[in-house]
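**Q** Sequence isn't available, so here's the structure alone:
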């Protein structure tokens, strides 16, 4: 897809001291693909997670929350693709527990110290025996420079693996951050899910890590949409191995913001990579809403634009169809919005103000901007100081094709 | 389109005593098509209207509301297609006023007695001179048995005209109801809009008519969705000429409910006709949510299903993709929803309960139901007494094609 980032060089993904990753081919749904991933964490690591708001949350999400709440130190993550273990009722919970217990036994830890993740077909029983049978292979090949293999192991309909690394210096120590994500619709129907994993060797307290994950997710994975659907399995995890040698970062540390912002930057890149790999996507759009009364109303307007199938098809067609954007702003749900006060920009071009087309606007300029692969839509509400940014992609024939043909 | 109703026989559309309809070809956007409609109402008629909630409401909507609020008796409606007069600022308001004044002068009434409606391209100035120039033609050919021509005159990208009639007896008098609608997406982008006009010869008080329109719109036009987009121009009008000879119906009349229900039935047929003619539609879906705590939460669930591009593409593909439906129920926004309590039916077939697939369900049965052109999706929440029903259509390649190619 034209808006995907270029191929990742395996050597650009930096190992995180204290973390090793191993994979296996368990033939869960398709042969000859990596579909089981084990991530091992050194003793003393901190782990935090945020999960889907969907009421139909999958069995592994329920178990993840339970294990995190048990406050036993997390020592391993187990991810499978090919089956989401969602809509599977009580049996699904048992399967998720069984896979945790099996991995725990092999690693000589307790099952609460394992977090399970599944992504794939919904409403079919998890082939838990296949997963368990291949755990020894995944453990055997686990190593710290396996991030590209890991990013490939968590892919479903993703076209490209998504992973990136950053380094910064805190207190004279080099801190490394490496993360990966998967997802190419907000939900893969059957192949549910957005997954994100972000690891660092920084020494950071549990509560600071939790503050960082909530901040980062709101700036990244909560700012993307492909089709407005929220998966049953969405999960985002941060891991800190505390081995970088820096003084432990707490929320009151001078360096807290530096770490938080670096982690957030990585989360944004991984979240945007999901939109870039959106099903059938040919355009990457940034929807920026400014000068609103509060962030919530800015997000309402941004999502109304980002979710409109009419707007998304117009972007696919490179058609500067401003009426569709203005209409979406109008129905976004801000009851007292005065549309004569707002301004709409495509890229740097003022296209609408005073409730109509801007006098300076020429359709040829709009058309030229709409032909770009990356497009900025800016709405200035002129009623306050708040801002929100959402990233999304267009709606193409291929979106219909991928989703209509998915299970066949 | 397979889900459209069969062709309308002009003779099936019954004249309403006191109403005449005339059209003209004003070449507003395309040559050789009826694009101006004048509806004349006899003195003593009552008229009520409901309009789009979109904050970017079009100039004619603003003028309609103003003229209805003036309490001068409405004597004429003026509709043009080809241009929506939306996003046109102050000039748009002047254009709408000018067209009302021109028609008022020709009919020897005041301009507040005219309601204007426009549907078509957004953000382009209304060619008001063309409309005004063709008013005499429309007035000259106005007659009471012109409903099919009128229904054709208000079409934009609609494939078929949409109109129907009913009769009932009230107090020994035959009451006739005839209505028409247009729209094939909730918004036509450029070609904005859903329009509905419903006329009766019944004698009915102004306040009773207003009660009827609010009841009817909530059961009909507010229960349909094609793509979730709300137009800048949506308008629904009820007219009563008071010539049927019945005793005037008020809200306390014994016959109020009979008239209300008959008008509502016609409104539902006209609203469903819009969905059947939905852009690219190949399936007509009824989403019925039962046993909710209140209607609002039932509608939330129904709309989450009806708006999901993933579900709409699955219906297009005749794929019984239950996971997508369960996921939509889960993210509909009912915070305390217990998904283990709900039941999901495709047609009469129980497909999911206890948070998973129903034991009796076989995919072949689901696949057979999904192949039908008309499909019922039933969700039983099992947490209350409320119900809501929404009608929608599927999402096909043609939806993308129509909306991507629209302005070219």
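**A** Nice, thanks for sending it over. Computed from a predicted structure; not experimentally measured.
**Q** got the buried residues for whichever strand or helix holds residue A:368?
**A** Element membership for residue A:368 (DSSP states H and E) is helix A:363-370. For helix A:363-370, the neighbour count (16 or more other CB atoms under 10 Å in any protein chain shown) marks A:365, A:366, A:369, A:370 as buried. In short, each C-beta sits where N, CA and C put it, glycine included.
**Q** Which other helices and strands does it contact?
**A** With contacts taken as 3 or more CB pairs under 8 Å, 6 or more residues apart in numbering or on different chains; DSSP states H and E, helix A:363-370 sits against strand A:343-346, strand A:349-353.
**Q** Throw the buried residues of helix A:363-370 into TSV and include pLDDT, thanks.
**A** Shown next, in TSV, are these (pLDDT from 0 to 100):
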residue	pLDDT
A:365	91
A:366	91
A:369	93
A:370	90
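**Q** of all those, which two lie farthest apart?
**A** Spanning the widest gap among the buried residues of helix A:363-370 are A:365 and A:370, at 9.8 Å by CB to CB.
**Q** and for those two, which residues touch both?
**A** Contact with both residue A:365 and residue A:370 is made by no residue, according to CB atoms under 8 Å, 6 or more residues apart in numbering or on different chains.
**Q** tell me the mean pLDDT over the longest helix along chain A?
**A** Ranked by residue count, the top helix of chain A under DSSP state H comes out as helix A:256-276. In this model, helix A:256-276 carries a mean pLDDT of 95.
**Q** what helices or strands is it leaning on?
**A** On a contact count with 3+ CB pairs under 8 Å, 6+ apart, helix A:256-276 meets strand A:162-170, strand A:173-182, strand A:195-200, helix A:206-219, strand A:224-225, strand A:284-292, strand A:386-393.
**Q** And the first one, what's buried?
**A** In terms of neighbour count (16+ other CB under 10 Å), strand A:162-170 has its buried residues at A:162, A:163, A:164, A:165, A:166, A:168, A:170.
**Q** re earlier: how far off strand A:386-393 does the longest helix of chain A point, in degrees?
**A** Inter-element angle recorded for helix A:256-276 and strand A:386-393: 40 degrees (by axes from the mean of the first three to the mean of the last three CA atoms, to 10 degrees).
**Q** For helix A:256-276, buried residues please.
**A** Using 16+ other CB under 10 Å as the test for burial, helix A:256-276 gives A:256, A:258-260, A:262-276.
**Q** do stretch A:283-300 as well
**A** Judged by neighbour count (16+ other CB under 10 Å), stretch A:283-300 contains these buried residues: A:283-292, A:295, A:297-300.
**Q** ok now do residue A:318, which residues does it touch?
**A** Neighbouring residues of residue A:318 by CB under 8 Å, 6+ apart: A:367, A:370, A:371.
**Q** Okay, and residue A:28 sits in which element?
**A** Taking DSSP H and E as the definition, one finds residue A:28 inside no helix or strand.
**Q** whoops, residue A:50 was the one
**A** Applying DSSP H and E, one finds residue A:50 within strand A:46-51.
**Q** what sits up against that strand?
**A** Here strand A:46-51 has contacts from A:41, A:57, A:61, A:64-65, A:68, A:73-74, A:115, A:204-206, A:209-210, A:212-214, A:217, A:234-240, A:242, using CB under 8 Å, 6+ apart.
**Q** low-scoring stretches of chain A, by residue?
**A** Chain A contains residues with pLDDT under 70 at A:1-2, A:184-192, A:226-230, A:402-408.
**Q** Recalculate using a threshold of 50.
**A** A:1-2, A:186-192, A:407-408 (pLDDT under 50).
**Q** residue with max distance from the center of it?
**A** The outermost residue of chain A, judged against the average C-alpha position, is residue A:359 (40.1 Å), by CA atoms, centre = their mean.
**Q** Tell me which residue of the stretch 101-250 of chain A lies closest to chain B.
**A** residue A:122 (2.9 Å; CB to the nearest CB).
**Q** Around that residue, count how many other residues there are.
**A** Residue A:122 has 32 neighbouring residues, counting by other CB atoms under 10 Å in any protein chain shown.
**Q** Apart from its chain neighbours, what residue comes closest to it?
**A** residue B:323 (2.9 Å; CB to CB, 6 or more residues apart in numbering or on different chains).
**Q** and that neighbour, how many neighbours?
**A** Residues near residue B:323, counting by other CB under 10 Å, number 30.
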